[in-house]
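**Q** Have a look; sequence and predicted model below, questions after that.
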Amino acid sequence: MSLESLVEEIRRRGEADLATLTANREAETAKIVAARDRELASIRSESARATEAEIAHERTQRIAAAKLQSRKLLYEAREKRLVGAISETRTLLQEYTRSSQYPAVLRRMVSTATDALGKQVRILGRGEDATLLARVAGKSFDPTPQPILGGLVAETPDGSRRLNLSFDELLRLREDRVRELLA
């Protein structure tokens, strides 16, 4: 074989090897690009899914917070209205102490107190009701004025038992029922 044919053979083999290496490199590059594209697509879809889930979670939290805030505002408004209504009830009870039925109520309260605590009771009341209570309770009446809205407080002489029939206490004891009626 001649030198030229030997060189030609070496060149052909080199070109074939180069073509094979180039083809292998292009195939590997295509595989890497495809894997990269699949990974990018996977990352994008996972990112989109995670973002959507986070947005939905945030939206749910904001809606829940808004509902809670609206319930709070509604409760505060209702409570404010009820406090105003109870205050108005106190005013009405105070006005009732000036009515003509009030002395009869005090008589019934004294009777209830003596039935519950016995004949020997000490009757306490407002300063404004002193003359009326002195007439109704007699010598059982203690003229020390009490800071109450109306009604009376009765206790045994030794102070061991007490019956509070003041309008303040009666309203406090029935405040839940009054709130139900006013709501």
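**A** Now that the structure is in, tell me what you want to look at.

**Q** CA only for contacts and neighbour counts going forward, please
**A** Noted.

**Q** Low-confidence regions, this structure specifically.
**A** Where the chain drops to pLDDT under 70, the residues are 1, 183.

**Q** okay, now the domains of it?
**A** Domain segmentation of the chain under automatic domain parsing yields 1-96, 101-182.

**Q** Output the contacting helices and strands for whichever helix in the chain runs longest.
**A** In the chain, taking DSSP state H as the definition, the longest helix is helix 3-96. Other helices and strands packing on helix 3-96, by 3 or more CA pairs under 8 Å, 6 or more residues apart in numbering; DSSP states H and E, are helix 175-182.

**Q** could you say what helices and strands the helix it packs on packs with?
**A** Under the contact criterion of 3+ CA pairs under 8 Å, 6+ apart, helix 175-182 touches helix 3-96.

**Q** The same query, at a cut-off of 6 Å, please.
**A** Taking 3 or more CA pairs under 6 Å, 6 or more residues apart in numbering; DSSP states H and E as the contact definition, helix 175-182 has no neighbouring helices or strands.

**Q** which of the domains of the chain is buried the deepest?
**A** Between the domains of the chain, domain 101-182 has the highest mean count of neighbours, a mean of 17, where neighbours are mean count of other CA atoms under 10 Å.

**Q** Quick one: distance of that one to the chain centre.
**A** Here domain 101-182 shows a centroid-to-chain-centroid distance of 38 Å under the convention CA atoms, centre = their mean, to the nearest Å.

**Q** now the end-to-end length of it.
**A** 24 Å (CA to CA, to the nearest Å).

**Q** Nearest residue to the middle of the chain?
**A** Centrality entry for the chain: nearest residue to the mean C-alpha point is residue 72, 6.1 Å, by CA atoms, centre = their mean.

**Q** ok, residue 142 to residue 84 distance?
**A** When distances are taken as CA to CA, residue 142 and residue 84 turn out to be 34 Å apart.

**Q** wait, I meant residue 128
**A** 25 Å.

**Q** go on, residue 91?
**A** With the distance defined as CA to CA, residue 91 ends up 10 Å from residue 84.

**Q** do residue 54 as well
**A** 44 Å.

**Q** Assign residue 147 to helix, strand or coil.
**A** Applying DSSP: H, G, I helix; E, B strand; the rest coil to residue 147 yields a three-state assignment of coil.

**Q** Excluding sequence neighbours, find me the nearest residue to it.
**A** Residue nearest to residue 147 in three dimensions, not counting chain neighbours: residue 126, with 6.5 Å by CA to CA, 6 or more residues apart in numbering.

**Q** how about the one you found, phi and psi?
**A** phi -70, psi 160 (degrees, to the nearest 10).

**Q** Isn't it up against residue 146?
**A** Yes - the criterion here is CA atoms under 6 Å, and residue 126 meets it with residue 146 at 5.0 Å.
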